[in-house]
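**Q** sequence plus the predicted model coming up.
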Amino acid sequence: MKNQLLILLMLYCSHDALCQVQVSGRITSATDSQPLPGVNVMVKGTTIGTTADSDGRYSIQAREKDALIFSFIGYASQEVVVSAMTEINIAMAEDIATLDEVMVVSTGYQEIPKERATGSFTQVDNELVNRRISTDVLSRLEDVTSGLIFNRNVEGNTNDISIRGRSTIFGNASPLIVIDNFPYDGDINNINPNDVESVTVLKDAAAASIWGARAGNGVIVITTKKGKRNQAPRISFNSNITFAQNPDVFYAPRMTTGDFMDVERMLFDKGYYESAEVSDGHEPLTPVVELLIAQRDGLIETDEMEQQLLLLKQNDVRRDYEKYLYRNAVNQQYSISIQGGSDSHRYNVSTGLDQNMQNLTGNDFSRFTLNANNKWSFFSDKLEVSAGLYYTQSKRTRNNDGFTNLRFNSTSPMYPYAKLKDDEGNNATVIKDYRLGFVEQAQANGLLNWKYSPLDEIDFRDNTSGLHDYRINTRLQYKFNKSLNAEVLYQYWNSTTATRDNQRIESYSTRDQINKFTQADVDGNLTYPVPMGGILDTYDQRSSSYNFRGQLNLNHAWDNHALSALAGYEVKELNSDANYYRYYGYNDELATTQRVDYTSFFPAYNNPGQYISIYNRDGISSMTDRFISYFANAAYTFKNRYTLSASARKDQSNLFGVKANQRGVPLWSTGLAWTISDEPFYKGSWFPYLKTRTTFGYSGNIDKSVTAYTTAVSLGYNALTGLPYSTIINPPNPALQWERVKIWNAGIDFETKDRVLSGSIEYYTKWGIDLIGSIPYPPSTGVTVFRGNNADTKGHGVDLVLNAAIINRTFKWNTNFLYSYLTEKVTSYKIEAPAVKYVYDGSGSSLISYPLKGKPLFAIYSFDWAGLDPETGNPQGYVDGAISSDYATIISKATTQSIIYHGSARPTSFGSIRNTFSWKNISLSVNVSYRLGYYFKRSSLRYGNILKGQVDHGDYAKRWQNPGDEQSTSVPSMPEFIDQNRDDFYLNSSALVEKGDHIRLQDVNLTYTLDRNQFSRLPFSRVHLYVYANNLGILWKATDSDLDPDYPTMKPVRSIAAGVKIDF
Amino acid sequence: MKRHIYTLLILSCLIVAGCSEDFLEKKPDKSLVVPTTLNDLQALLDNADRVMNIIPAIGMVASDDAFTTDNAWQGLFTATERNSYIWKDNIYEGEACGDWNIPYQQVFYANVVLEGLEKMEPTSANELQWKSIKGSALFFRAHAFHQLLELFSMPVGESSTLGIPVRLTADVNAEVARASRMETLNQIIDDLTESLPLIPMNSSYKTRPTTAAAKALLARVYLIMGEYENAESWASASLSENNYLLDYNTLNAAATRPVARMNDEILFHGQMITYGYTVFSTTYVDTVLFASYEKDDLRKQVFFRLRSPNRYTFKANYTGTSTLFGGIANDEVYLIRAECRARLGNIAGALEDLNALLEKRWKTGAFVPVDETDPEILLARILDERRKELLFRATRWSDLKRLNQDERFAITLHRTLNGTQHSLPPNDVRYAFPIPDQEIQTSGIEQNPR
């Protein structure tokens, strides 16, 4: 038996050996005939394989009739059948399609084949970048980038992006934005999205740590378009026009005109306006109150008053806002580019123009960009020189501040029955700042007209800012040999913004200044400390930066090994200077100004008991940021299956008042990747491609607002004394350290057969260490808040990307599913603040929050709600478990145990489902986004405002009025007196907390493509016609409230765009 | 070629390494300073209207100079003032308390300055400035301690009575417990005595201390301590440097603000923290107090403005604005000396001081000098005049605490609000305001009993 077996085995072996051949050869690139190292050579259907050495040579054992597969990233794979020939030389052709695909990721320091990457990268390719139509680049990343979210709970901050949550409390929370190798210091809105080739988002330590101390919030690497070698000139033209709806000014609920007038009458009857009537400052009174006074004083009959009131009651100032302050926005975009290259020269030149007519009448934006870059090769590719210029010029006109700035006086919004146009259609005046009688008397006394017409203001203002921004890039790369090259990069950036706000003498703000300071002597002669003429404010900002980088790159492959390493250093300086000047008595015709006396105090004309001095707005600031960094990065790949990566970086900065040895922070990371599907033992036929990877490391963040020494800031000259004075902004903190973020990331990349399903799933844990936090301090120390390394956080999350080719015939249906889950909590915070601080500020919307240990950085807390008192309609809470209406006690006795924690104020799960259907030349892409697992606090009314005669929230109509109402409403009854605690309790009670979860139909893109291959008479090689609709609406939300959870004050406007892109 | 590039690389490496120390020394923001020069330190002390010349105001809110209506009380800005007005047990309801925080900020600034001065030796060229800054810092620190003590400590001078944390270092991490009232007073006196030879006699700026102001403050402190000889002699020392009084006959009584800011009667400018109560036109002068001014007393016109029947507001702030004055002026120094002299039996001296003041306050020709010789009656009269002269300043709360020690002058305060009676009997524990919530929560110092 044993013998038989042995014979069989020998037979088998010898038979096999008979047909074995040793195949060898040399692999070159088809483009330049240069050897290609690192190419994979596999015997088809077996696990036998090898890699080409540094000369492109390979050698492999195969049998006759076997097929050899040659594959390499960026090149088209080739299959060659082994014949009697033992030498097979291969010229590999570049595969532009694959190169353009998601195969290479850019870190700003190097391009890494995605196959060998250990870290977490998300790439947004050119098609995806162009899917959305917008003036800016960043918004195009929303809902197509895994793990990236735009935070909406901070009002007024449109570009507040988080990548995998927030890793800092008070430090800079924005991701680092890198454009063409260097961080971009300007406004990202200066970049024309048409110039962007692709965007790579670096999410974990291994991906980002090459950026060191500024990578803690993630890095967004933007690559602009470049010419390619041996490419015929390609001209491309793109143009589109976007129409956006008039915003909904009725969206935020407001009291009706009638309700407000009733409140005014009630307050009038209580004598509320009596003090304003005799006030020193001639406080303004609304037309309704003036009518009530006139009737009381017998100046008009009751009938006439009622009639007039009835007329006013029909007004709603929001109708006028909608008609006269807003319009449909129209944005036009044009861009044209040409790119190409010869054997030794590559180029890309593009230019773009954007013309935006914004929603607010009188506000416009235009932008012109010019982008030119060239790359030359010398000495048979030994030396490469690149030079790029990117120039942006933009102009913004802002003559309309919107209705929230159209106010009755500094404390009250405009009364709801104001009219912006009179019955004849002329611009009407409204009451503002002073009483009508006083204003008219002043004019009779020789002062300037003191009335205010909101619509005239837009015409009388001339507020523009112009920007010039340019970047010059140069790069020199010298290849010592195949493996080693050195490069030197330099970038100079310069940006100037000149803002000029000419408030002509016709404008209210200027007339008001002149009148307030007008001095009348006993004979009624007038003198004008603020001279007759316009007021011109100028604000000039000049920023410039230079970056210098020297870097050595090593790329070496031998046998089964490949090593890729780089090391270098970097110097950076960023200077920002700004100055602010105000010119009084400005004459725009002659460009003359007049001098004023800033030091004297003048009795105000409207209130002679008040002494005021002329506002000196002149100021100057000068900032400098400097960095010196050293970095190194290496990746070693064995058999194209195993990759080990490591990187280290040290950053030093001119942090103020920090001891020299604390100026720098060393950061490092390491990672491992394993392509399981390449293993001989791998049999998983479900996933022909399967790769796992894991990384661990540190990145950092800087908070330049804190220093180690007692730091004062000079405040200029004191208004009281005229002496220079300064204030202490920072008590000494000798223990100050840099913030660090530690990240562990593990991921799996997979593909099913024919890529029907592909994607990745990643899990990460993130620790924020020594985060700068504010803690309340004993005020007897002289500081009430102390900023230092007071906090640690820990978070973990999942990023899932699934791409499915559901139908792949003539009709194609692709689905891209993004899901991100993240939860983060504060693991230590030195001091617990009083519980009310969390209730009021815990959501982070005011950015003064004190995080609570064990809870997310931004969370929604509230006072427990016990409903309305059925007898009185008073809101009720709890004190020591018992129902109570003692609001002062509820608030002051609240503990972190007694307040209710609802959950995170930011979505804990979010993502999108993008379905793309294409049939022949038509492609339709629909993106549905979702945000889940978070809460928001709905706004409601504050009786403190209503009882001061200010128009307030529309919940007023739902207030408790009669016993029984408590069944159907949670809006408290109107109290007799202002009770701030009652308002504070109600507005922060759980009655107003809502779930934020929602699903939104974000946008739809429909593209029709005409190709010369199909339509031979087409004068162009290709034409895309597209239509894009954005902000289409909410499909589902958890809350019953009418509010959009992400846009509580102003709904995003719907827009539709149409455009054409022509490739000549 | 290769060699050139290597050389270049190495050279640039060396350049960077060589200059990196200086390169990173650059200030990130030009307006930032680590206060090290004398001018830097002076600039801190000159932070007048935000920090150094700000005076607490809750004592004024709680005292009996003024009252407000039920309606207006509801509309006051803060719980702190609403509760102070009716002497509630819980005052702050979690609000930050500037009346505590700002004086301690003054102490902090003073300590930063004093420690900054220690690090630089005065030279013959800057010795005067060095001394003046040091003296000023000591004055500001003493002044802040004094303000705090009056609000947050009981007036009884037993050794066990708690004072306030006497913080003598700029180190914010140093833990400092409450000193006794006596220790606090001793520190105030030490600081002022030390400051006297250092600060200048005159200054062009009323926001900066002078020797006359420091002596007046010493007189004020000794008066509170009941050391009338000392108070009398420091008041004399102050008046011998500056005894100017405004003649109210020269003022325009009809003006909205008849008294000018930084006028010559002022020794040290101080302005009170703005509460709704201190600036609202619904904060009326106590009706009994108003009725006590006689017809020819110019103060009746200069001080008050009729708002509605029998409702007067106070308009003669020595700040020239609606902000209440809380600094030191010569009228107070005259009254301190008059009171001390009366208490010490120097009737002639007391009368001389009282008449010197009143003469400037009465209509020319109409004033009949006081000639009361009964020490009891004279003292009562002087205290009356003190009340009528120093209303709406920061002194009344302190006077109430001090005079309540003496049965002859002890009074119970009453308020009626929304139909409820509130009262504050003499020497009630509520004469010491509770230490603000944040202080108790973060430093754990001992709270005042309520």
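**A** Looks like it came in fine.

**Q** from now on I want contacts and neighbour counts done on CA atoms only, so please keep to that.
**A** OK.

**Q** can you list the residues of the stretch 151-300 of chain A near chain B?
**A** Residues of the stretch 151-300 of chain A lying close to chain B (Cα under 8 Å from any Cα of the partner chain) are A:275, A:279.

**Q** could you pull out the helices for the stretch 151-300 of chain A?
**A** A:205-208, A:257-269, A:274-277, A:287-296 (DSSP state H, counting those that start in this stretch).

**Q** which of these sits most buried?
**A** helix A:205-208 (a mean of 31; mean count of other Cα atoms under 10 Å in any protein chain shown).

**Q** just the C-alphas of that one, formatted as CSV.
**A** Output of helix A:205-208 as CSV, limited to C-alpha atoms (Å, rounded to 0.1, in the frame of the first residue of the first chain):
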residue,chain,number,x,y,z
ALA,A,205,-4.1,58.8,12.3
ALA,A,206,-2.1,57.0,9.6
ALA,A,207,-3.8,59.0,6.9
ALA,A,208,-3.6,62.4,8.6
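
**Q** report the contact partners of the residue lying closest to B:Phe314 once chain neighbours are set aside.
**A** Nearest non-adjacent residue to B:Phe314, counting by Cα to Cα, 6 or more residues apart in numbering or on different chains: B:Phe304, 4.8 Å away. If you count contacts by Cα atoms under 8 Å, 6 or more residues apart in numbering or on different chains, B:Phe304 has them with B:312-316.

**Q** swap in A:Thr969?
**A** A:958-960.

**Q** most neighbours among those, which one is it?
**A** Ranked by neighbour count (other Cα atoms under 10 Å in any protein chain shown), these have A:Trp960 at the top, with 25 neighbours.

**Q** name the helix or strand for the residue in the stretch 351-450 of chain B that chain A sits nearest to, please.
**A** Of the stretch 351-450 of chain B, the residue with the smallest distance to chain A, taken as Cα to the nearest Cα, is B:Glu439 at 4.7 Å. Here B:Glu439 sits within helix B:437-443, counting by DSSP states H and E.

**Q** same question for that helix, mean pLDDT?
**A** Averaging pLDDT along helix B:437-443 yields 86.

**Q** buried ones in it?
**A** B:437-439, B:441-443 (16 or more other Cα atoms under 10 Å in any protein chain shown).

**Q** any idea which helix or strand in the chain has the lowest mean pLDDT?
**A** Picked chain A for this. None of the helices or strands of chain A scores lower by mean pLDDT, DSSP states H and E than helix A:96-100, at a mean of 42.

**Q** that's the wrong chain, I meant chain B
**A** For chain B, counting by mean pLDDT, DSSP H and E, that's helix B:2-23 with a mean of 54.

**Q** please state the offset of the next helix or strand after that helix from the chain centre?
**A** Note on helix B:2-23: by DSSP H and E, the next helix or strand toward the C-terminus is strand B:32-33. A distance of 29 Å separates the C-alpha centroid of strand B:32-33 from that of its chain, computed with Cα atoms, centre = their mean, to the nearest Å.

**Q** who touches strand B:32-33?
**A** Contacts of strand B:32-33 (Cα under 8 Å, 6+ apart): A:711-714, B:40.

**Q** check stretch B:397-404 too.
**A** The contact list for stretch B:397-404 (Cα under 8 Å, 6+ apart) reads B:59-60, B:62-63, B:150-151, B:154-155, B:224, B:409-411, B:426-427, B:431.

**Q** dump the residue contacts of the residue of the stretch 801-950 of chain A found nearest chain B.
**A** Closest approach between the stretch 801-950 of chain A and chain B, counting by Cα to the nearest Cα: A:Ser892, at 5.1 Å. Applying Cα under 8 Å, 6+ apart, we find A:Ser892 in contact with A:836, B:93-94.

**Q** picking that back up, so which elements touch the helix holding B:Glu439?
**A** Based on contacts counted as 3 or more Cα pairs under 8 Å, 6 or more residues apart in numbering or on different chains; DSSP states H and E, there is no element that helix B:437-443 packs against.

**Q** quick one: residues in contact with that helix.
**A** Taking Cα under 8 Å, 6+ apart as the rule, helix B:437-443 contacts A:776-780, A:831, B:92, B:94-96, B:175, B:445-447.

**Q** need these in TSV with neighbour count, distance to B:Leu168 and secondary structure, can you?
**A** Listed next are the contacts of helix B:437-443 as TSV, based on neighbours: other Cα atoms under 10 Å in any protein chain shown; distance: Cα to Cα, whole Å; DSSP: H, G, I helix; E, B strand; the rest coil:
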residue	neighbour count	distance to B:Leu168	secondary structure
A:Pro776	20	21	strand
A:Tyr777	22	17	coil
A:Pro778	26	15	coil
A:Pro779	26	14	helix
A:Ser780	25	11	helix
A:Ile831	18	25	coil
B:Tyr92	23	27	coil
B:Gly94	20	27	coil
B:Glu95	14	26	coil
B:Ala96	17	23	coil
B:Glu175	14	11	coil
B:Ile445	17	16	coil
B:Glu446	15	19	coil
B:Gln447	16	21	coil
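
**Q** so for the spatially most central residue of chain B, what's the nearest residue that isn't a sequence neighbour?
**A** Compute the mean C-alpha point of chain B, and by Cα atoms, centre = their mean the closest residue is B:Ile55, 4.3 Å away. Spatial nearest neighbour of B:Ile55, chain neighbours left out: B:Met272 (4.4 Å); criterion: Cα to Cα, 6+ apart.

**Q** which members of the contacts of A:Thr969 occur in strands, if any?
**A** Among the contacts of A:Thr969, no residue falls in strands (DSSP state E).

**Q** residues contacting the residue nearest to B:Ile55?
**A** B:Met272 neighbours (Cα under 8 Å, 6+ apart): B:54-57, B:323-326, B:394.

**Q** among the residues you listed, which lie within strands?
**A** Those of the contacts of B:Met272 lying in strands (DSSP E): B:54-55.

**Q** between the contacts of B:Met272, which is closest to A:Ser647?
**A** Set against A:Ser647, the nearest of the contacts of B:Met272 by Cα to Cα is B:Ile54 (54.9 Å).

**Q** which stretches of chain B form strands?
**A** Using DSSP E, strands in chain B cover B:32-33, B:54-55, B:66-67, B:162-165, B:178-180, B:266-268, B:271-272, B:284-285, B:304-308, B:311-314, B:328-329, B:413-417, B:420-424.

**Q** for the third one, name the packing helices and strands.
**A** The elements that strand B:66-67 packs onto, with contact taken as 3+ Cα pairs under 8 Å, 6+ apart, are strand B:284-285.

**Q** run the contact check for the strand it packs on versus chain A.
**A** No - Strand B:284-285 stays clear of chain A (Cα under 8 Å from any Cα), getting no nearer than 12.8 Å.
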